[in-house]
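In: What would the 3D arrangement of this be:
(2 chains)
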Amino acid sequence: MSAATQNTTVDQLASDLNNASLNGDANGAATLNTDVSNVNSEDQDAAGPTPTNAPHPQASASLYVGELDTSVTEAMLFELFSQIGSVASIRVCRDAISRRSLGYAYVNYNTTADGEKALEELNYTLIKGRPCRIMWSQRDPALRKNGQGNVFIKNLDVAIDNKALHDTFAAFGNILSCKVAQDESGASKGYGFVHYETDEAAAQAIKHVNGMLLNEKKVFVGHHIPKKDRQSKFEEMKANFTNIYVKNIPVEATEEEFRELFEKFGDVTSASLARDAETGKSRGFGFVNFINHEHAATAVDELNGKDFKGQDLYVGRAQKKHEREEELRRSYEAARIEKASKYQGVNLYVKNLDDDIDDEKLRELFQSFGSITSAKVMRDTPAETAEAEEKKEKDDEKNKENKDTKETKETKKEGEAETEEASAPKAKRSLGKSKGFGFVCFNNPDEATKAVSDMNQRMVNNKPLYVALAQRKDVRKSQLEASIQARNQIRMQQAAAQAGMPQQYMQAPMFFPPGAQQPGFLPQGGRGMQFPPQAGMPIPGAQGGRPGQFQAGFPPQQAGRGAPAGQQMPPNM
DNA sequence: TATGAGCGT
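Out: I've put the predicted structure just below:
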């Protein structure tokens, strides 16, 4: 980074910090001295931001570009990076077998200056809707893998993006990499990372920003601790617990009785029963804290499950609130997965359904194969259908009487059994329009398999059904991705063959700018193709147009262009 | 609440 830019950034930091009320507030947040123009040379720490303008160590012109969408090609990167200066070469790294992009690339410039400029001007540029992350290529993994200088920031305001984070933290030293964690839609997850070149810079950043307000939010800034290190620390903490949680305590038990019960095992610093805020009545649980762990552990061993005034106590290590919540979340997730795998092999995906087919009719179609636990036609929400309905109502005015007697019912919740149907109120509510597919779940896999072989391609209301075993959402998703990748690969090869490109260059795609002399390329000015072929570009004469299109009205295979992926599975899978 | 990914010809 140039000195001029660095100064700008520092000034900007000072002003940003002021604007963002980083200077403390009534809530007791600490005050940050952002005055970097009046540094007391004897007080290094108070000086705060100590930016370094150190050039990167290798003095190469090779950039690593990460966080790329897998569809990003060399050509797209060339278009962007050549705006900065003369690009020597670009390579998107790909899996050796599947050729799927690994999500990162190298951009090599002819000069280091251009590399620096790209780092300053192109970092976090959106490519295919995702901000790219640019670093100097650092081939020595050891330098990257020790966590030196890596800082973790949480409780970030969602408005703080990569650039804002970078600008804020650049004042403390040279940043190798900086990122705000994002969800799939690109929204901030409220935490991020700043990896400095040196530990000193990281220490300065932590010292000066931890606990400060950024966009009204008090941020935590600390050393990045990898998951496994945090976990082992947590294990150690758990192994030395002194705090105990007790439940199933008779409500008539007094604080004193409760405390006495535990004092037999050692010195207790506190023993309290949870009480209702209004009535003051015991809520039947409480906490006991011992001075030392051994006594706490003995109390758990001796008292758990023991009778206390007529009730069997639960006594265990007390969890932190978030720990307990996480445990509950995990067990919920485990239950969900178990439920999903239970459907494996018994749940059928049925598509190309006529709009007239409702849950009831779907069940009837399949009931001869065995015992059906649920049959469900996926529908738009009534709201989505409302507009269309309204229009239809006008059209149907002539047939009004007919419509009024039509059976309507509300879309049912997931997992509800169909047996309710008979007793369901025939309320005159609008039913969402059928999405043309649904799910039929059998009791056992044999019934399901038989139904697939007998019902697939069966004509129903003049439409051939597509019937297959339903796939789990994640399985389906990865299969779709693989097929798209394979399709693009074929297109690339077809395009290359058409252009007369030697096969070997398809195996190791490397983009050289037009005009660059590279061995094996067609001479300039010949009839050679523009290089490289882009995924998704139309290929004259290539077979079949859009893959997955089918003829004579028969639906494509499940891996083709079926209903939108998000609707393929019932919500319980 | 939250603690990443990542290096080739």
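In: Endpoints of stretch A:204-216, how far apart?
Out: Start and end residues of stretch A:204-216 are separated by 21 Å (Cα to Cα, to the nearest Å).
In: in that stretch, what counts as buried?
Out: Of the residues in stretch A:204-216, those buried by neighbour count under the rule 16 or more other Cβ atoms under 10 Å are A:204, A:205, A:206, A:208, A:209, A:210, A:212, A:213, A:214, A:215. (Glycine included, C-beta is placed from N, CA and C.)
In: Show the contacting residues for the residue of the stretch 151-300 of chain A found nearest DNA strand B.
Out: With distances taken as Cβ to the nearest atom of the strand, the stretch 151-300 of chain A approaches DNA strand B most closely at residue A:190, which sits 2.8 Å away. The contact partners of residue A:190, taken as Cβ atoms under 8 Å, 6 or more residues apart in numbering, are A:154, A:155, A:156, A:157, A:158, A:181.
In: Residue A:187 is in contact with the last one, correct?
Out: Okay, so that is residue A:181. No: counting by Cβ atoms under 8 Å, residue A:181 stays clear of residue A:187, with 10.0 Å between them.
In: Neighbour count for those two, which is higher?
Out: Taking residue A:181 and residue A:187 together and counting by other Cβ atoms under 10 Å, residue A:181 has the greater number of neighbours (14 against 11).
In: Could you look up the SS state of residue A:70?
Out: Three-state assignment for residue A:70 (DSSP: H, G, I helix; E, B strand; the rest coil): coil.
In: just to revisit the earlier point, kindly confirm my reading that the residue of the stretch 151-300 of chain A closest to DNA strand B forms part of a helix.
Out: No: using three-state DSSP, the secondary structure at residue A:190 is strand, not a helix.
In: Would you mind measuring from it to residue A:484?
Out: Remark: distance between residue A:190 and residue A:484 (Cβ to Cβ, to the nearest Å) = 32 Å.
In: circling back: most widely separated two among the contacts of residue A:190?
Out: A:157 and A:181 (13.5 Å; Cβ to Cβ).
In: And stretch A:120-127, what's buried?
Out: Buried positions in stretch A:120-127, judged by neighbour count with 16+ other Cβ under 10 Å: A:122, A:123, A:124, A:127.
In: In terms of secondary structure, what does the one helix or strand residue A:260 maps to contact?
Out: Secondary structure here is read from DSSP states H and E; on that basis residue A:260 sits in helix A:255-263. Helices and strands touching helix A:255-263, by 3 or more Cβ pairs under 8 Å, 6 or more residues apart in numbering; DSSP states H and E, are strand A:268-275, strand A:282-290, helix A:293-303.
In: let's go with 6 Å and repeat that
Out: When contacts are defined as 3 or more Cβ pairs under 6 Å, 6 or more residues apart in numbering; DSSP states H and E, helix A:255-263 sits against strand A:268-275.
In: which residues sit against the strand it packs on?
Out: Contacts of strand A:268-275 from elsewhere in the structure, counted by Cβ atoms under 6 Å, 6 or more residues apart in numbering, are A:255, A:258-259, A:262, A:282-283, A:285-291.
In: Mind giving me the ChimeraX command for buried ones among those?
Out: With 16+ other Cβ under 10 Å as the criterion, this ChimeraX line picks the buried residues out of the contacts of strand A:268-275:
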select /A:258,259,262,282,286,288,289,290
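In: Please identify which pair of the contacts of strand A:268-275 lies farthest apart.
Out: Farthest-apart pair in these is A:283 and A:291; separation 25.9 Å (Cβ to Cβ).
In: Just the helices from the stretch 301-450 of chain A, written as ranges.
Out: With DSSP state H, counting those that start in this stretch as the definition, the stretch 301-450 of chain A shows helices at residue ranges A:321-342, A:359-366, A:382-395, A:400-404, A:445-455.
In: And the contacts of the second one?
Out: Which is helix A:359-366. With Cβ under 6 Å, 6+ apart as the criterion, helix A:359-366 contacts A:372, A:375, A:376, A:377, A:418, A:438, A:440, A:451.
In: Find the nearest non-adjacent residue to the second one, please.
Out: The shortest distance from residue A:375 to any residue that is not its chain neighbour, by Cβ to Cβ, 6 or more residues apart in numbering, is 3.8 Å, and that residue is residue A:363.
In: Any figure for the gap between the one you found and residue A:440?
Out: Counting by Cβ to Cβ, the gap from residue A:363 to residue A:440 is 7 Å.
In: any residues in contact with both of those two?
Out: By the contact definition Cβ under 6 Å, 6+ apart, residue A:363 and residue A:440 are jointly contacted by residue A:375.
In: Of the two, give the one with the bigger neighbour count.
Out: When residue A:363 and residue A:440 are compared for neighbours, residue A:440 comes out ahead with 27 against 18, by other Cβ under 10 Å.
In: correct me, but residue A:106 touches residue A:91?
Out: Yes: shown here, residue A:106 and residue A:91 form a contact pair, counting by Cβ atoms under 6 Å, at 4.9 Å.
In: Go through the helix or strand where residue A:222 lies and flag the buried ones.
Out: Using DSSP H and E, the element containing residue A:222 is strand A:220-223. Counting neighbours by 16+ other Cβ under 10 Å, one finds that the buried residues in strand A:220-223 are residue A:221.
In: by contact count, what packs against it?
Out: Contact partners of strand A:220-223 among helices and strands, from 3+ Cβ pairs under 6 Å, 6+ apart: strand A:150-154, helix A:199-209.
In: what comes into contact with the last one?
Out: When contacts are defined by Cβ under 6 Å, 6+ apart, helix A:199-209 is touched by residues A:48, A:50, A:148, A:149, A:151, A:169, A:172, A:173, A:196, A:221, A:222.
In: so can I have TSV of these showing pLDDT and distance to residue A:468?
Out: As requested, these are exported to TSV (pLDDT from 0 to 100; distance: Cβ to Cβ, whole Å):
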residue	pLDDT	distance to residue A:468
A:48	44	63
A:50	43	63
A:148	90	52
A:149	94	52
A:151	96	50
A:169	97	52
A:172	96	57
A:173	95	57
A:196	95	53
A:221	97	52
A:222	96	50
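In: ok, the residues you listed vs residue A:140, which is closest?
Out: Residue A:140 has its nearest neighbour among those in residue A:148, at 13.0 Å by Cβ to Cβ.
In: From residue A:279, how far out is that closest one?
Out: Applying Cβ to Cβ to residue A:148 and residue A:279 gives a distance of 56 Å.
In: who has more neighbours, these two?
Out: When neighbours are counted by other Cβ under 10 Å, residue A:148 and residue A:279 differ, and residue A:148 comes out ahead with 15 against 8.
In: May I have stretch A:259-275 as PDB, with CA atoms only?
Out: In PDB, the C-alpha atoms belonging to stretch A:259-275 read as follows (Å, rounded to 0.1, in the frame of the first residue of the first chain):
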ATOM      1  CA  ARG A 259     -27.700 -25.600  51.200                       C
ATOM      2  CA  GLU A 260     -27.300 -28.100  54.000                       C
ATOM      3  CA  LEU A 261     -27.800 -31.000  51.600                       C
ATOM      4  CA  PHE A 262     -24.700 -29.900  49.700                       C
ATOM      5  CA  GLU A 263     -22.500 -28.500  52.500                       C
ATOM      6  CA  LYS A 264     -21.900 -32.100  53.600                       C
ATOM      7  CA  PHE A 265     -19.500 -32.400  50.600                       C
ATOM      8  CA  GLY A 266     -17.400 -29.300  51.000                       C
ATOM      9  CA  ASP A 267     -17.400 -25.500  51.300                       C
ATOM     10  CA  VAL A 268     -20.200 -23.900  49.300                       C
ATOM     11  CA  THR A 269     -19.900 -20.400  48.100                       C
ATOM     12  CA  SER A 270     -23.500 -20.100  47.100                       C
ATOM     13  CA  ALA A 271     -26.700 -22.100  47.000                       C
ATOM     14  CA  SER A 272     -29.800 -20.600  45.500                       C
ATOM     15  CA  LEU A 273     -33.200 -21.800  44.500                       C
ATOM     16  CA  ALA A 274     -34.800 -20.200  41.400                       C
ATOM     17  CA  ARG A 275     -38.000 -18.500  42.400                       C
END
